[in-house]
Each structure stands twice: as structure tokens, then as C-alpha cells.
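> 3D model of this:
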Amino acid sequence: MSSSSSSSRSTPSPNSTPPCAACKYLRKKCLPRCTFAPYFSPDDPHKFINVHKVFGASNITKLLNEISPNQREDAMNSLAFEAEARVKDPVYGCVGAISILQKQVMQLQKELDATNADIMKYSGVVRNG
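Below you'll find the predicted structure:
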């Protein structure tokens, strides 16, 4: 039984590979030298969908062509992170998340300072008492 529905659930045959998430979303043939394939695996389609929604496929292609190959993976991960943040918070994106985390750090630092002050106060009572 070699129907297309059963073969789509199994691993691809040795001479064919599944299209990357970008080519699948854009409905184009994924060629062996596909620009997007190394960064947008078929296992994580939302990564490309978010990046495409925020930045656009043509801008991603331009960026990939303008930067050196050793920087591409980091650039795509950064774009994916920012795109996910923009989808969650269209106004502030990553800056909103960073701001929330900075406020949490400041609050936790205040709590730590108060706790350290209490420890110093009580350790002084134990030494003097």
C-alpha cells in the first residue's frame, strides 16, 4: 500500500526530501540549494510563518544574501525571536519583553537587598545575644 497519504506520514524516500517550511508556505518547489532550507526546517513551520508575516520573504532573502554565511544562522534565529515577539506584542515586540524582565529584575533586587539586610540584622542579634 503505497499511497501518498501513507508516504507523507513516513520518512521521505532517500532520493527526495520534504520541502522546507518556507517553500511549503510559499507553495514553491524546494530546490537542493534553497536559501531558506538551512534555517526553516519542515518540522517548525510557525518559525517561517511568523518571520514572513513580520519581515516578508523578499526581505529575508535580501538579508541572507547580504550577510556572510557564518552569520546567517544567528541572523535567522534573531529574526525568528523578534518575529515571535512581534506577533505576541505588535507594538513593542522584544523591547516589551525586555522591559518586563528589567522590571522583574529590579523588583527581585529590592527583595534580595531587603532579605540581605534582614540576615545582617538577625546575624548581629545572634552574635550580640
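
> I'd like the next helix or strand past the helix or strand of the chain with the lowest mean pLDDT.
Least confident element among the helices and strands of the chain, by mean pLDDT, DSSP states H and E: helix 4-9 (a mean of 44). Next helix or strand after helix 4-9 toward the C-terminus (DSSP states H and E): helix 21-26.

> Touching that next one from outside, list them.
Outside helix 21-26, the residues within contact range by CB atoms under 8 Å, 6 or more residues apart in numbering are 18, 29-30, 34, 36-37, 40-45, 47-49, 52, 57. Where C-beta positions appear, they are placed from N, C-alpha and C, glycine not excepted.

> Any idea how many residues pack against residue 19?
20 (other CB atoms under 10 Å).

> Over to residue 83?
23.

> so which helix or strand takes in it?
In this assignment (DSSP H and E), residue 83 forms part of helix 69-88.

> Output the contacting helices and strands for the helix or strand following that helix.
Per DSSP H and E, the first helix or strand lying C-terminal to helix 69-88 is helix 94-128. Helices and strands touching helix 94-128, by 3 or more CB pairs under 8 Å, 6 or more residues apart in numbering; DSSP states H and E, are helix 69-88.
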